[in-house]
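J.: Predicted model and sequence follow; I will ask about them next.
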Amino acid sequence: MKYLCLIYDNEKEWAKFPKDVQDKYMAEYTAFSDAIRKSGQFVGANQLQPTHTATVVRSRNGKVPTTDGPFAETKEQLGGYYLVEAKDLNDAIQIASRIPSAKSGSIEVRPIVERRPA
């Protein structure tokens, strides 16, 4: 079964880290990504641009207004994701616990609804 591991972290705190700390953190991500690829559980992953680059779209009464960025008052922002293949939720949780941001932020694990083409 496929699970989406949504990575939430505080991007303002990240910006305060010295370059050597950021480099160490990214090395941990590289090592995790390499390990999950070798395990055969990797399906896909991407880092997202910072929240100030986001656009929110809503469709109301035939109009499509947009606003800049998310306005949720949260300490953590969605920064990226891994799509993984896991045998069950417990396996997906074990994978998510190894994502480096699990130490400083949080990882939301959600099963994917897989639909067969009609």
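T.: That came in fine, so what should we check first?
J.: To what extent is V56 buried, counted in neighbours?
T.: Look at V56: counted by other Cβ atoms under 10 Å, it has 11 neighbours. From N, CA and C alone the C-beta is placed, and that goes for glycine too.
J.: Quick check: it vs L48, distance?
T.: According to Cβ to Cβ, to the nearest Å, V56 stands 14 Å off from L48.
J.: what's the answer for K16, then?
T.: Distance from K16 to L48, by Cβ to Cβ: 19 Å.
J.: of the two, who's got more company?
T.: L48 (14 against 9).
J.: what about that one, distance to A96?
T.: Here L48 is placed at a distance of 17 Å from A96 (Cβ to Cβ).
J.: the strands in the chain, which residues?
T.: 2-9, 42-47, 55-57, 66-68, 77-85, 106-111 (DSSP state E).
J.: now for those strands, which one comes closest to P117?
T.: Nearest of the strands of the chain to P117, taken as Cβ to Cβ: strand 2-9 at 15.9 Å.
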